[in-house]
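Asker: sequence and predicted structure are below.
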Amino acid sequence: MRSKNVEALRTLLALCDSEPDSLQDTWNAVLECVSRLEFITSTPTIAATVMQASNQISRDAILQSLKELAGKPTEEVFVTSLKLPSDAVVEFFTALCGVSAEELKQTPARVFSLQKLVEISYYNMARIRMVWARIWSVLASHFISAGSHHDEKVAMYAIDSLRQLGMKYLERPELANFTFQNDILKPFVVLMRNSRSETIRSLIVDCIVQMIKSKVGNIKSGWRSVFMIFTSAADDELESIVESAFENVEQVILEHFDQVVGDCFMDCVNCLIGFANNRSSHRISLKAIALLRICEDRLAEGLVPGGGLKPIDVTGDITFDVTEHYWFPMLAGLSDLTSDPRTEVRSCALEVLFDLLNERGRKFTSSFWESIFHRVLFPIFNHARYAGKESVVASDDEWLRETSIHSLQLLCNLFNTFYKEVCFMLPPLLNLLLDCAKKTDQSVVSISLGALVHLIEVGGHQFSDSDWDTLLKSIRDASYTTQPLELLNDLGFGNSKNHTVLMGKEAYAGDSLPLKCGASGHMDIRPSDVRDGGIDHDQEVNLQSNLEESAVLPSPSGRASKSAEAGGLQRNQTIGQRIMGNVMDNLFLRSLTSKSKGSVSDASAPASPRKLADAVEPDAKTEEESPLLETVRSKCVTQLLLLGAIDSIQKRYWSKLKAPQKIAIMDILLSVLEFAASYNSSANLRMRMYHIPPERPPSNLLRQELVGTGIYLDILQKTISQSNTSRAKPLEDASADVDTTSVDNNSSMSELTKVEENLEGIAEEKLVSFCGQILREVSDLQLSIGETANMDIHRVLELRSPITVKVLKGMCCMNNTIFRKYLSEIYPMITKLICCDQMDVRGALGDLFNSQLTTLLP
């Protein structure tokens, strides 16, 4: 560095002051000279190296001249930027950012130009907003680069500089329809998302917190970036960052909600959803859900433009759904939270979601309801509906036990509450329940069909004729689809090993389920039986050791009398209620947020996969269950629960159904019974007995046949009795009002009577045919006992005795006229049963004689 270099630099700086508009694209060279000047004067070692003179005095003089130039003349260069026209000032900022980028690449990095950028930004911030926007587009990229510097101190300096600019800009009031505040804060968003340094992320949060506390009244569009930053903080691994960010979000919503308006409201909602999903603190998650509820209340009250379910501008685009725009993200976020692995969080989200829908649903349009069902409610059950067995059981067992039962009940209750608004959603709702019912996982099957029974029991009184048609069609399709046809496949069940495993693990398909006969003759299905696959380990051992002492079926000697007495206490419940039992009572009605997971007893919760595994034989546990057996078990579970749904319909709403719908139910039941009866036939039972030890019962579907028989007999006899009553009543009314009844009324009454008469004839024919078939098979077997001493026949009669008892008890209640009409066909068959070995059959036969034949005696 010589004297002439100093003079050249002095001239250049003077030119910058006198002719700033003429430099144009040469600003880069000028600012680079300024940067080197500062570097030389601030670094003595460099100054000593570059100074060239004949003696030390001359070198000192040159250095002193450089220091003078680095003072006021250099500062004037930056101050002059204020006088530059719009295009020139943009070029100036661009050149200075380029020089600063080069300084940051040096070792050690220099921040001289970065500091000057902050200073001249202060000078030029008063420019018109369009010019400042062009300047900031250049500055933002540079600050993001500087804030991402590998040297943490440099990055912190850049972020602090950015904070200073942000604070300064927020002092200016923002005009309507401008979003420059959001642009100013966007670099913080990018840095927060990309930075791997905990220190940097913590500093960014602190900077935003400081801005909010000091400039909260001035923030308008900047709220969008603020909430984006806090949303990123919600996912942070450092708990202190999460807590600091959430404390400020909470304060903003509770104290400054009037500032969070317009489009920024949705960013606030997304931010709260992010905190609700955070994994560092479940306390923060629960608070975030509570704040979501507060936001919903404010929205419904109209405190947010477009809220209160009112359009922002009724003269605007009529296709714009303001309701969905503001409400849907909140609902969708809560829906996602229902699958959270933390029990408290998902329970709270579920409660808030359905509370919100129940409170605001009256104002929702049909199209929005359809969107809610398909995009908010149904996705809650996607993993149970579409996933394979392995993923459901292995990873979501806790969700199934703790949440899914309550979720389905709330969904059905919501449907019933807003039936008039959402009745068109019945088909997809039934598809959801029955899709889950067709899965191989027993927990999913029990939960979904339990919800179906609940839907029928609670909302059936509102169903229209088309709804009943849809429901019955769905049940019919499900019953056909879930028939365990694999049981009829000799290749799958024709060997001894398969039969052994089937009896050990296939509790539903066999007679291994404990049955309780109530005083009315109905069978009680115990919740523990359905929950644990039908039998626990002790019962399995008893089955293997002594069939007579098991709780499988009422024994001929009357050992099941105690069970019958206990079962009679529940005879007034529907089969669907007895299936779920205490499981429904405890999990449906318990408080979601006040009880901990441990408060649910083992007896009242669905069994986990481990419990299902424990319900099999010790030797079977070590063997991997074949998919075929798993499919059979699942289908048998579904068949039983579908019978429970049908029983709920016939007990509560039989009088509301039309004749075609009643016939449809009869056909569904008959289909289930025919399949079970074919598998339980004498020939099939005896054939399977050859493949198992004598002390164990063969695999069978007696459970399904027994339950189905009771329901089938009930609806047939109910149909006949109701038909007689309904036919007598119109005749009385017609005779009393003969003078006032019009011809049209007579015609319609005649058609109604004709339909009912046809229905009665169909029911009578089905009843006699069904009872006759059962009695014929049993009487033929009883007759063959005298011809052979085959013990298999005795075992078959023993196994089928509950079916026989059920039919005989049903005949006790048969219309006396019908019984007399077909006595010539029935009497020979029932007399053959007098000498049977089964005491329960003989007892039922005695009841039949007392109730029906005694009246025929003189």
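Answerer: That came in fine, so what should we check first?
Asker: please make it C-alpha for all contacts and neighbour counts, starting now.
Answerer: Will do.
Asker: list the contacts for I241?
Answerer: Neighbouring residues of I241 by C-alpha atoms under 8 Å, 6 or more residues apart in numbering: 201-202, 205, 233-234.
Asker: on the pLDDT front, check V154 for me.
Answerer: pLDDT, V154: 94.
Asker: tell me which element it is part of?
Answerer: Applying DSSP states H and E as the criterion places V154 in helix 152-169.
Asker: look up how far D258 lies from Y123.
Answerer: The spacing between Y123 and D258, counted by C-alpha to C-alpha, to the nearest Å, is 33 Å.
Asker: just want the most central residue of this structure.
Answerer: Note on the chain: the residue nearest the mean C-alpha position is I380, at 1.8 Å, using C-alpha atoms, centre = their mean.
Asker: neighbours around the nearest residue to W327 once chain neighbours are set aside, how many?
Answerer: Computed as C-alpha to C-alpha, 6 or more residues apart in numbering, the closest residue to W327 that is not its neighbour in sequence is E296, at 7.9 Å. E296 has 22 neighbouring residues, counting by other C-alpha atoms under 10 Å.
Asker: P108 now?
Answerer: For P108, using other C-alpha under 10 Å, the count is 10.
Asker: spell out the secondary structure type for it.
Answerer: Here P108 is coil, with the state taken from DSSP: H, G, I helix; E, B strand; the rest coil.
Asker: where does pLDDT dip in the stretch 51-200 of the chain?
Answerer: Applying pLDDT under 70 to the stretch 51-200 of the chain picks out residues 51-60, 63.
Asker: could you point out which element follows the one helix or strand G450 maps to?
Answerer: Following DSSP H and E, one finds G450 within helix 442-459. Using DSSP H and E, the helix or strand that directly follows helix 442-459 along the chain is helix 465-481.
Asker: now that next one, how far from the chain's geometric center?
Answerer: Its chain's C-alpha centre and that of helix 465-481 lie 24 Å apart, by C-alpha atoms, centre = their mean, to the nearest Å.
Asker: repeat for stretch 126-137
Answerer: Between the centre of stretch 126-137 and the centre of its chain there are 48 Å (C-alpha atoms, centre = their mean).
Asker: I'd like the numbering to begin with 636 instead of 1 from here.
Answerer: I'll keep to 636 as the first residue from here, and by that count the last item is stretch 761-772.
Asker: got the CA positions of the helix or strand containing L672 in CSV?
Answerer: Assigned by DSSP H and E, L672 belongs to helix 662-677. Extracted in CSV, the C-alpha atoms of helix 662-677 (Å, rounded to 0.1, in the frame of the first residue of the first chain):
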residue,chain,number,x,y,z
TRP,A,662,-21.0,-0.7,-6.4
ASN,A,663,-19.7,-4.2,-5.8
ALA,A,664,-16.1,-3.0,-6.5
VAL,A,665,-16.6,0.1,-4.3
LEU,A,666,-17.9,-1.8,-1.4
GLU,A,667,-15.2,-4.5,-1.7
CYS,A,668,-12.6,-1.7,-1.4
VAL,A,669,-14.4,-0.4,1.7
SER,A,670,-14.4,-3.9,3.2
ARG,A,671,-10.7,-4.3,2.6
LEU,A,672,-10.0,-0.9,4.0
GLU,A,673,-11.8,-1.8,7.3
PHE,A,674,-9.9,-5.2,7.4
ILE,A,675,-6.5,-3.5,7.1
THR,A,676,-7.2,-0.8,9.6
SER,A,677,-8.6,-3.2,12.2
